[in-house]
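Undergrad: just to be clear, the model below is a prediction. Sequence and coordinates:
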Amino acid sequence: MTSHVSLQRDAYPVSLADTGFFDEIRCDIGRPDLSDEDLHTLLRGHEFTILTAAPETRSALVRSLPVPAPRLGLEMPAHDLNPPLSVRFAPVVAFWQRLLQPVAPQLKRIPVSFKDH
Amino acid sequence: MATGPDVSDNLTPRLVNPGNGAWATAFRRLAMVLIAICLTTAASYMFAIVVQADGFDWLDVVRIALMAVAAFWLAWGGCIALFGILFPPEDHRAMPLRAQGATAILLPIYNEATGPVFARLEAIMQSVDRLPTAGRFDFFVLSDTTKADVAEKEYQAWQRLLARRHAGGRLFYRRRAQNIGRKAGNIADFLETSGGAYDYMLVLDADSLMDGATIQEMVRRMEADPRLGLLQSLPRIIGLNTLFGRLLQFATGLYGPYFARGLAAVQGGEGSFWGHNALIRTRAFAASCGMAPLTGKPPFGGHILSHDTVEAALLAREGWKVRLDPDLTGSYEEAPANIVDYAKRDRRWCQGNLQHSRILAAPRFRFWNRISILQGIFAYLASPIWLLFLLASLAAPLVAPPPVYFDGHSPFPVFPHPETMTALALLFGLVALLILPKLLLVARALLGGNASEFGGPGRLALSFLLEILLTSILAPIHMMFHCRSVFQVLTGADSGWPAAERDDGSLPLQAAFSATWWMSIAGSAATAFSHYYVPELFYWLLPITLPLVFAPLLVWLTASVWLGRVTRKLGLFAVPTETVKVDVASDMEVALQQQAAA
């Protein structure tokens, strides 16, 4: 297939990605994470200027554009620094219940209706 | 984008044998507590002897208790300074290897003056760009600005800087739609959107300045110690021109490094985080430092305001080291240039620190982190305690029982025994506790050969004497501002502050009067009361009451840029950042001039 690079300002430069131009930009600014859509948005209105610029000035032109920040987030769980007493003492309660486990059946109440009279 | 190997995959540091460092820190902590308790006990005992000279009553018990608390606080501060002189800092200089990790340099801003902020940012970028590892550093301007006109200026300034430095892909600007959680929320937003792309983040303030070599050294130290979660530098104050500002610069420049060394000596791996000029491991911070809002309403509920101390405690409880390295020079900040702005900042910090009372009992905090939180709370409660002590001392002679000459055990009269020598010894002891650490540091500078950094031996000695005099005169004013802040926080009131936004830090006399007229009234009332009802204390109270009476004048004079220039011309209050050129500060000045010309 013949690759075609459109030099018209208004043309949707789908073929820019195919020509490796986007790869060149990603490599130049050290952002392999940028998608084709990101680069389309970034270069919109500047494609002609950048494509026709000399290679040594192309990098400077791209680097003067507002490249989006990397989108790789971290989870940041919120820790409760003043939990209620029920939460603070939950381990103690659980430990107490484990202690009681062996004698728990003996502590069970027998319903009145089942008692021998 | 900055790229580099992920050096922090393991979120849980291995808890290895603490080693000698931990034992040494434990020993120093114990020594500090014991010394402070001994000094407090001695001061309280001597004061008890003095107060019982005219009879003993319930108010004397109150005064002794207040004296004990205040003396402990003085002794604690004195010990920190003494340890800073006695214990040299540990050598954490890393091997001169390339810093590998990717670092995000964060600049959170909130309705700031745009020009100076972006001039500082440009200076830091220039300094970092001189490093061989410049490609490892990205810059984020994280704006919480609420004013539309300021936000527009920020955006324009960012675009100009982007074009000037060709920093596309390395310089980013983000303005949050909603200011949730203030600065802590701002940082959290960064971590949740882009934090995963970086191993470390360097958190700055809007008035921070750091040079690239220091930033690189911080990254190296972080990489040399896989257990290190946060590395705090010691920012030096620069750029102040008023008399108050130069006084502050001098005091922090001369005494600050040794106080920081003392702090580092007792904190060890449970160190301080001051919210800026610090390098943090992003994944450790994200996993450990999310904070749920406290129940209830502000000031004691809601989002945690002074988040830095809490974040340091959260990192430490997950096993990460938090370390203060005072030898990291090349870290700077500006500070309030007059007492009113200083008090405004203190008001915010007061609320944040008093709110920490809700988390003193937070689960799994390390013991020394709880001590640090308590220290922060006490830093603001100390002033009301001193005020109560003064008021109790004024009232004591009025409620003292009449002397009993015939006690029934002897036909001869028994006269009260004046404890003059004990009182004088106590007074000199307390003054020594305040001044001796500073005197030792001045002597060290004079004998150690670095007096030239402070203007030479003669000027250093004169600056020291002037500093003691001025801080003693201004201390009652600071005390009253602190007392008002504590009162406002506890009652939920806020009387507001006079608007006096001058770029050079000076204050119109009207603004100084508006902020301190109530101190004049309090000082005048105290002077009159002591003169008529407690004449024996009149002259002793004058060093406190007179500055209060003249508070508006003192605040106005110390905010004078002209007086600041006079001290500079005379070589007084000189600091190393004035005697030796600071490249990053010079770059900032150049950037400001270019902005003005554009």
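TA: Received it, and whenever you're ready, just let me know what you need. Numbers count the residues shown, from 1 in each chain, chains lettered A, B, ... in the order given.
Undergrad: rest of the way, CA atoms for contacts and neighbours
TA: Fine.
Undergrad: so who does residue B:183 touch?
TA: If a contact means C-alpha atoms under 8 Å, 6 or more residues apart in numbering or on different chains, then residue B:183 has residue B:108 as its contacts.
Undergrad: mind checking how far the helix or strand hosting it is from the chain centre?
TA: Using DSSP states H and E, the element containing residue B:183 is helix B:182-193. A distance of 23 Å separates the centroid of the chain from that of helix B:182-193, by C-alpha atoms, centre = their mean, to the nearest Å.
Undergrad: mind listing residues that contact the next helix or strand after that helix?
TA: Stepping forward along the backbone from helix B:182-193, the first helix or strand reached (DSSP H and E) is strand B:200-203. Contact with strand B:200-203 is made by B:101-107, B:219, B:275-282, as judged by C-alpha under 8 Å, 6+ apart.
Undergrad: state the pair within those residues that is farthest apart.
TA: The distance between the two most remote of those (C-alpha to C-alpha) is 21.4 Å, for B:101 and B:275.
Undergrad: who has more neighbours, these two?
TA: Residue environment comparison for residue B:101 versus residue B:275 gives the larger neighbour count to residue B:101, 23 against 18, counting by other C-alpha atoms under 10 Å in any protein chain shown.
Undergrad: which one of the contacts of strand B:200-203 is nearest to chain A?
TA: Using C-alpha to the nearest C-alpha, the shortest approach to chain A within these belongs to residue B:282, at 8.6 Å.
Undergrad: what's the burial count for residue B:154?
TA: Counted with other C-alpha under 10 Å, the neighbours of residue B:154 add up to 25.
Undergrad: the residue lying closest to it once chain neighbours are set aside and residue B:150, how far apart?
TA: In space, not counting the residues next to it along the chain, residue B:154 is nearest to residue B:114; the distance is 6.0 Å by C-alpha to C-alpha, 6 or more residues apart in numbering or on different chains. Separation of residue B:114 from residue B:150 (C-alpha to C-alpha, to the nearest Å): 7 Å.
Undergrad: where does the residue nearest to residue B:154 land on pLDDT?
TA: Model confidence at residue B:114, given as pLDDT, is 93.
Undergrad: also residue B:406?
TA: At residue B:406 the predicted local distance difference test score is 68.
Undergrad: just residue B:436 next, same as before
TA: Predicted confidence (pLDDT) at residue B:436: the value is 90.
Undergrad: do the helix or strand residue A:28 falls within and chain B meet at all?
TA: With secondary structure defined by DSSP H and E, residue A:28 is part of helix A:21-29. Yes. Between helix A:21-29 and chain B, judged by C-alpha under 8 Å from any C-alpha of the partner chain, the touching residues are residue A:29.
Undergrad: for that helix, buried residues please.
TA: By neighbour count, and taking 16 or more other C-alpha atoms under 10 Å in any protein chain shown as the criterion, the buried residues in helix A:21-29 are A:22-23, A:25-26, A:28-29.
Undergrad: mind listing the residues bridging to residue B:141?
TA: Legend: beta-bridge partners of residue B:141 under DSSP bridges are residue B:107, residue B:173.
Undergrad: quick one, what contacts it?
TA: Applying C-alpha under 8 Å, 6+ apart, we find residue B:141 in contact with B:106-109, B:171-174.
Undergrad: quick check: phi and psi at the residue nearest to the spatial centre of chain B.
TA: Residue closest to the average C-alpha location in chain B (C-alpha atoms, centre = their mean): residue B:274, at 8.1 Å. Note on residue B:274: its backbone torsions stand at phi -100, psi 10 [degrees, to the nearest 10].
Undergrad: OK, contacts around it?
TA: Counted by C-alpha under 8 Å, 6+ apart, residue B:274 has contacts B:232, B:308-309.
Undergrad: which helix or strand contains residue B:84?
TA: Counting by DSSP H and E, residue B:84 is found in helix B:58-86.
Undergrad: and that helix, what's buried?
TA: Quick answer for helix B:58-86 (16+ other C-alpha under 10 Å): B:59-60, B:63-85.
Undergrad: now do stretch B:358-377: everything it contacts.
TA: Taking C-alpha under 8 Å, 6+ apart as the criterion, the residues outside stretch B:358-377 that touch it are A:81-83, A:88, B:267, B:270-271, B:300, B:309-310, B:312-314, B:316-317, B:350, B:353-354, B:356-357.
Undergrad: looking at those, which are in helices?
TA: When DSSP state H defines the helices, the subset of the contacts of stretch B:358-377 inside them is A:88, B:267, B:309-310, B:312-314, B:316-317, B:350, B:353-354.
Undergrad: tell me the buried residues within those.
TA: Neighbour counting by 16+ other C-alpha under 10 Å classes B:267, B:309-310, B:312-314, B:316-317, B:350, B:353-354 among these as buried.
Undergrad: using a markdown table, lay out these together with pLDDT and distance to chain A.
TA: Formatted as a markdown table, these follow (pLDDT from 0 to 100; distance: C-alpha to the nearest C-alpha, whole Å):
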| residue | pLDDT | distance to chain A |
| --- | --- | --- |
| B:267 | 93 | 22 |
| B:309 | 95 | 13 |
| B:310 | 96 | 9 |
| B:312 | 97 | 13 |
| B:313 | 97 | 11 |
| B:314 | 97 | 9 |
| B:316 | 96 | 14 |
| B:317 | 95 | 12 |
| B:350 | 94 | 20 |
| B:353 | 94 | 15 |
| B:354 | 94 | 15 |
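Undergrad: which one of the residues you listed sits closest to residue B:409?
TA: Within those, proximity to residue B:409 (C-alpha to C-alpha) peaks at residue B:354, which comes in at 52.5 Å.
Undergrad: now do the contacts for the closest one.
TA: With contact taken as C-alpha under 8 Å, 6+ apart, residue B:354 is in contact with B:300, B:377, B:380, B:489.
Undergrad: chain A: which of the residues you listed is nearest?
TA: Chain A has its nearest neighbour among the contacts of residue B:354 in residue B:300, at 11.6 Å by C-alpha to the nearest C-alpha.
Undergrad: for that closest one, give its distance to residue B:292.
TA: For residue B:300, the distance to residue B:292 equals 14 Å [C-alpha to C-alpha].
Undergrad: out of these two, which sits in the busier spot?
TA: Counted by other C-alpha under 10 Å, residue B:300 and residue B:292 do not tie: residue B:300 has more neighbours, with 22 against 16.
Undergrad: wait, isn't that one in contact with residue B:353?
TA: No. Counting by C-alpha atoms under 8 Å, residue B:300 stays clear of residue B:353, with 9.7 Å between them.
Undergrad: what residue ranges in chain A score low on pLDDT?
TA: Scanning chain A for pLDDT under 70 picks out A:1-19, A:105-117.
Undergrad: quick check: residues of it near chain B?
TA: Within reach of chain B by C-alpha under 8 Å from any C-alpha, chain A has these residues: A:29-31, A:60-83, A:88.
Undergrad: and if we set it to 10 Å?
TA: Residues of chain A lying near chain B by C-alpha under 10 Å from any C-alpha of the partner chain: A:26, A:28-33, A:59-83, A:88.
Undergrad: contact partners of the longest helix along chain A?
TA: Criterion DSSP H: the longest helix present in chain A is helix A:90-100. Contacts with helix A:90-100, where a contact means C-alpha atoms under 10 Å, 6 or more residues apart in numbering or on different chains, come from A:86-87, A:89, A:101, A:104, A:107.
Undergrad: tell me, how many neighbours does residue 56 end up with?
TA: You didn't say which chain, so I picked chain A. When neighbours are defined as other C-alpha under 10 Å, residue A:56 has 8 of them.
Undergrad: oops, wrong one, chain B.
TA: Here the neighbour count serves as a burial measure; for residue B:56 (other C-alpha under 10 Å) it reads 14.
Undergrad: just the buried ones from the contacts of helix A:90-100?
TA: Among those, none is buried by neighbour count (16+ other C-alpha under 10 Å).
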